[in-house]
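In: Fold the following and give me the result.
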Amino acid sequence: MAKILFIEDEPALQKTLGDFLKAEGHEVVPAYDGEAGLAAVRRERPDLVLLDLVLPRLHGLDVLEAMRADQETAAIPVIVLTNMESGEAVERAVELGAKAYLVKTNYSLADVSEKVKSVLGQP
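Out: From the prediction side, this is the model:
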């Protein structure tokens, strides 16, 4: 189906959601910090990025900003998946073109999968 880059520093969520998306036929590429995630975006050219904001080495909003500043990665859709509920973070992510902003505690794995399908235009 799609190649998804999942930038998330929490190993349990990385595995659980990654396995769920793989079971649905997606290829999931993991990255555990912001710098590795940004390098993977440039190297892998994923169809979609699932992005946490609170990350080691480079904040998620900085990853998103760098993606948008690079012509090669600017059009890759991003879904922010984080526990940050602050209005400023939501506003900045939307300004930078995030397709969705999901607070982890408010969404099930199936909900996240449905949002991925929606953003990718899949039934």
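In: ok, and the helix or strand in the chain with the lowest average confidence?
Out: Every helix and strand in the chain was compared by mean pLDDT, DSSP states H and E; the lowest is helix 87-95, with a mean of 91.
In: Now that one - C-alpha only, CSV.
Out: C-alpha atoms of helix 87-95 as CSV (Å, rounded to 0.1, in the frame of the first residue of the first chain):
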residue,chain,number,x,y,z
GLY,A,87,-2.8,25.4,21.1
GLU,A,88,0.6,26.8,20.0
ALA,A,89,1.9,23.4,18.9
VAL,A,90,-1.3,22.6,17.0
GLU,A,91,-1.3,26.0,15.3
ARG,A,92,2.4,25.8,14.3
ALA,A,93,1.9,22.2,12.9
VAL,A,94,-1.1,23.4,10.9
GLU,A,95,0.8,26.4,9.6
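In: Show me what the helix or strand just after that helix is packed against.
Out: Downstream of helix 87-95, the next assigned helix or strand under DSSP states H and E is strand 100-103. Helices and strands touching strand 100-103, as assessed by 3 or more C-beta pairs under 8 Å, 6 or more residues apart in numbering; DSSP states H and E, comprise strand 78-82, helix 87-95, helix 109-120. Bear in mind the C-beta positions are built from the backbone N, C-alpha and C, glycine included.
In: avg pLDDT for strand 100-103?
Out: Strand 100-103 carries an average pLDDT of 94.
In: Mind listing the strands that strand pairs with, and their directions?
Out: strand 78-82 (parallel) (DSSP bridges).
In: ok, back up a step: okay, the helices and strands packed on strand 100-103, which one's buried deepest?
Out: Of all the helices and strands packed on strand 100-103, strand 78-82 carries the top mean neighbour count, a mean of 24, counting by mean count of other C-beta atoms under 10 Å.
In: chain center to the least confident helix or strand of the chain: distance?
Out: In terms of C-alpha atoms, centre = their mean, to the nearest Å, the centre of helix 87-95 is found 15 Å from the chain centre.
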